[in-house]
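Asks: Fold the stuff below for me.
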Amino acid sequence: MADRRGVCRLYASGSCRYGNRCKFMHERGGNATQGLGENPGRLARGAATFRTGPVRPAGGVPRQACNLFWTTGSCNRSFECTFQHLREPNAAVGQGSATEKVPDEKDEEMLPDFFATEALAMENNAARQPQYTLGPTEAHNNIKPFLRDNYHFESAAKVQGFVKILASINDVNKAWYLASGLVLKSTLHKNINHLYTLMEGNYETIQDVIRKCIGGMIAEKSWMDPSLDGVVIFRTLSTVLLQYFNRFKDAIKNHPSIADLVMDISKWFETWATNVSCQPAGFQDVITTSDSKARGLRINKLREEIGRLTSIVLRESEHTEKLRRIHVNVGITSAQRRQVQIMQFAQTYDPPGGLRQDGPRHDNDFAEISQIRIAPTNDELLSPLAPYLPVFLADAPHHLAEHSMERHLDIQFRLLREELTCSIRASISAIYDDLGIIWRDVGVKKRQPTKLEEVIKKRGGPYKTSGFDSLFFYIYTNAQLSPVKAERCDLTVGLFLDTPAGTARSDDRKARYEYWEHGKRLQSRSLVALVLVTGGTMKVFLGVITSFGKDIAESSKVSADTVQIQISFFDPEVEFLALQSEKMTRDASSYAFLVDNSVMYEASRPFLERLQSIEPTEIPFARYISRGGSVADIQVLPPRYATAPRFKFKLQCLAKDRRQVINDLDISQPDAVATARRQLSQSSILDPSQVEAVASWDREGTCSGGYETSNSLKVVSFRRVSRLKKYYEFYSPAGSDPLVLLIAYTNHALDHMLTGVLDANITQKLIRLGPRSSDERIAEYTLDKLERVAAKSELDWSIGRQYGVMKELEERMTEVMESIQLPSLSWKDVEQFLGIHFPEHAEAFIAPPFWIAILAERLWADTDENGEWTTVKQSKQKTMEEGIFSRTFYGMWREGEDLKFISPSVQPAQQKKGRSKKAARPISPTPAPISSTTIDFFKQLGFPTLPPLPTTARATFNLLNIPTVWSMSLGERLRLSETWEQNIRTLAYENNLGEYTQLRASYKEACKDYNDIRDEAPSKQD
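Replies: Alright, predicted model coming up:
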């Protein structure tokens, strides 16, 4: 490289595309950038290096001199040349020698491990540049232009910009740490989740080991180890697999062989159960020495768990197989043809989501209820198609299996959700119809005003219609957004609204306060709709009011015309509008209002969420609930506790007279229930309804009776006579206390029942759920009271840690919120954008023509000495762009400072004497000769003439393909820079939107974890 001419500016800035073919010397030493000033756009890139190329001796070409002009006296790049034009006094060119910079100790500490990827890359001069720091969202948005259809790279520079995006995805870029899907949440079950993650990654090996070991022992009919028994083995297998399926929903889909393993486990279990139950036992197991009745109960319990496991696997396997097969519309069955009503349903049946022949109805139409958003989306509210509502009949068509719990849950969820959302969907439909009339009849003078126009003219109020499908809801007009608040466990947007006519708009502050504090409008946790009307379009955003009546009442004190509420919206787009201080109500064609149907969203949300998330096999009494039609042919099983060995109901304590005998009730004995019913009717203190309640203990279900039944007597007697402690000792873990759920029709009955429990001294460990109790004694056992007086929980450290996670996310969200306000751009933003999308333009700013670099040095030095110049107009100072791009080549180019330097100054025209100003003809200003300072400047640089002053006016589209930016006129520069900066702002908005959406989801998840831990902590007091 010693014979190369001149120093490569692009190599020093890390952007040379020619490699070993470059005609200039590749140096990264400190001397390579001397004399160019402190331009952050071109010096920062070559600052951190460990070695330099050959250094020319003093007798060679001077630093910053054009090699071609030095030797020949001419240069074909002329004023675009990036080096100084100096003529060689003699033709001697020195030979170089290499020098090497030795890194100091601080540099050594910063170096990565030698065998690490980064260190090896550095050794091969391929280390990643520090500018490759795009985050996941930025990389995603920047790469979009390269993914357009039929896109092709026009030049090597375009390829270089594409590679810069890919180079940001590296180990050093910390922005990619959280993008990994393998990062687990720091929750109470972190270690358990980690173990199941290992199981997911090594499932095939685990399956082979289970088959080999368990299968071999079953074949030998012995566990080969006295410490093992079948109960432990099969219970462990079923529990582990169930928990594995719960954590990895796609496990059965990703590992089809799971179905075969579960079938093998079921077959092994039946083989084991048959052999340990026969006489003599055909399997070596400790359970063969236990009581036959207890052994049978344990085996039946295991059979239920394995049956549940088998049911889940078969269901998911069938679902997976359906997805693999080509979808074929299934016709009605022969049984449906036999029923006229069912045939009508079948003819009009239109399945949900992707099962529908024409595709989903809208973006919230899915076959699986777990994927449905409870609050309707904008697309769903404006959809002309009716929602999918299944018929709650046993033989009615449905996309899930008949008599299955999944089908029952699906129907319950869809019908309950429809009940929650139907009123607000009908309101939005009426508003959309009114808007259609308004948009259609624009300019029509004589037209009957719509109901919406009447309400808006009154600045809000009730919207009423008559008829069979009458509607009644409130509209609040002139909606304006206020800043977003990241409050604990929620993200809310403030909304200013016009107050409706009447008391809410009264001049009396006290009357207004009373109206909002105790009124029924805009109630907390109710579902509302924000409607945005702009340019003939309508968009709806649903949210839940988080303000209380007192909060709204306080805001009404400020003005009689407006109130403020806080709303938690389901769509982050509203939050972005608030962050941008977007004005929603502008004129008659662009406005916003709030719709309130008084729908209590929180009253239904917990039930809907539970229906979406619960595992169907976990629901008690599922065999009765899921049965469509009559259940007369289903055998009602006895309660499990009553089948325990030696369990009996002691009924003697219910006798009127101790001399009368009431036999113990053993439901395993024939006619025992009939005998107990007869004896209780004749000799007990119970009335007939209570006798029937006690006699029903031989069947699964709840202990129930009429309202007139003495609930306290029934519950206390139930605990006394049944001796439940034996049952709990048999089924509950060692050392745990029994749990009983008591349910009453009214709060008074519940307090009465709990008083009976306390008076009977059954237990003091009670938790009363629900509203505040009127009984002072029972009030001490309410959940709120127990939480306040509970001792410090062992989960407090987890609560504190999760609170810290939540606060950290709040801070990060605040930073993103601040950056969304379309911040002022910097040279770093422009350089990054141009380096990716217009790399050749970027090179022109990183390494400008030599005379531009020298001129910039002088201008910036003059600024340091005399201060910045400002433009003064009408005695008011106004700086341009507030110095955003000051002391950068981009800012110099943008403002045309180089053009001003080579432009002749213009002297104002003078009027001739003896003529008035009105009669004088306009005289063109006279251009002054070019300054001698400018001429001398170029002579010193070796240019005998001045560069031509550009006067072109090319289209912006053409300028995007012309990298010679310094030859553009001032008008072209302004248009091109405006286009670039607008694209940068748009890209920044999309980046912030993506990051904010991710942080929003993380924040809500952190809030949910925080609440879950807090809910769990008080339970530890027992």
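Asks: Low-confidence ranges, the stretch 51-200 of the chain, go.
Replies: 51-60, 78, 89-132, 137, 167, 169-191 (pLDDT under 70).
Asks: run the last query once more with 50
Replies: Residue ranges of the stretch 51-200 of the chain with pLDDT under 50: 51-58, 91-128, 177-188.
Asks: which intervals of the stretch 751-900 of the chain have sub-threshold pLDDT?
Replies: Applying pLDDT under 50 to the stretch 751-900 of the chain flags residues 791, 871-882.
Asks: Can you list the residue ranges for strands in it?
Replies: According to DSSP state E, counting those that start in this stretch, the stretch 751-900 of the chain carries its strands in the segments 871-873, 876-878.
Asks: Could you tell me how many residues sit around Leu420?
Replies: By the criterion of other CB atoms under 10 Å, Leu420 has 21 neighbours. In this view, the C-beta of every residue, glycine as well, is placed from N, C-alpha and C.
Asks: What distance do you get for Ile854 to Val533?
Replies: Ile854 is 58 Å from Val533, where distance means CB to CB, to the nearest Å.
Asks: Neighbour count for those two, which is higher?
Replies: Higher neighbour count among Ile854 and Val533: Val533, with 22 against 19, using other CB under 10 Å.
Asks: What mean pLDDT does stretch 555-569 get?
Replies: Average pLDDT, stretch 555-569: 90.
Asks: contacting residues around that stretch?
Replies: Stretch 555-569 is contacted from outside by 478, 482, 485, 490-499, 504-507, 509, 512-513, 515-516, 522, 528, 530, 541-547, 551-552, 575, using CB atoms under 8 Å, 6 or more residues apart in numbering.
Asks: Could you tell me which of those are located in strands?
Replies: 482, 485, 490-498, 528, 530, 541-545 (DSSP state E).
Asks: I'd like to know which of those residues are buried.
Replies: With neighbours counted by 16 or more other CB atoms under 10 Å, the ones in strands among the contacts of stretch 555-569 contain buried members at 485, 491-498, 528, 530, 541-545.
Asks: now, which of those sits nearest Glu305?
Replies: Nearest to Glu305 out of those is Val544 (CB to CB; 39.7 Å).
Asks: Am I right that Ile778 is in contact with Leu754?
Replies: Yes. Contact criterion CB atoms under 8 Å: Ile778 and Leu754 qualify, at 5.4 Å.
Asks: Residues in contact with both of the two, list them for me.
Replies: Listed as contacting both Ile778 and Leu754 by CB under 8 Å, 6+ apart are Arg768.
Asks: where's the nearest residue to Thr499 once chain neighbours are set aside relative to Glu573, distance?
Replies: Excluding the flanking residues, the one nearest Thr499 by CB to CB, 6 or more residues apart in numbering is Arg505, at 4.7 Å. According to CB to CB, Arg505 stands 31 Å off from Glu573.
Asks: before we move on, what about Leu809?
Replies: The gap separating Leu809 from Glu573 is 20 Å, by CB to CB.
Asks: Which one of those two is surrounded by more residues?
Replies: Just comparing Leu809 and Glu573: by other CB under 10 Å the higher neighbour count belongs to Leu809, 19 against 15.
Asks: In contact with the more buried one, which residues are there?
Replies: Counting by CB under 8 Å, 6+ apart, Leu809 makes contact with 999, 1002-1003, 1006.
Asks: do Ser470 as well
Replies: With CB under 8 Å, 6+ apart, Ser470 has these contacts: Lys464.
Asks: Regarding it, what is its secondary structure?
Replies: When classified by DSSP: H, G, I helix; E, B strand; the rest coil, Ser470 comes out as coil.
Asks: how near is it to Gly436?
Replies: Ser470 is 20 Å from Gly436, where distance means CB to CB.
Asks: Could you identify the longest strand within this protein?
Replies: As assigned by DSSP E, the longest strand anywhere in the chain is strand 590-600.
Asks: So, low pLDDT: which residues of the stretch 251-400 of the chain?
Replies: Applying pLDDT under 50 to the stretch 251-400 of the chain flags residues 327.
Asks: Quick one: the helices in it, in order.
Replies: Using DSSP state H, counting those that start in this stretch, the helices of the stretch 251-400 of the chain run over 251-254, 258-277, 292-324, 334-337, 340-348, 378-381.
Asks: Highest mean neighbour count out of the ones you listed?
Replies: Ranked by mean neighbour count, these are led by helix 378-381 with a mean of 20 (mean count of other CB atoms under 10 Å).
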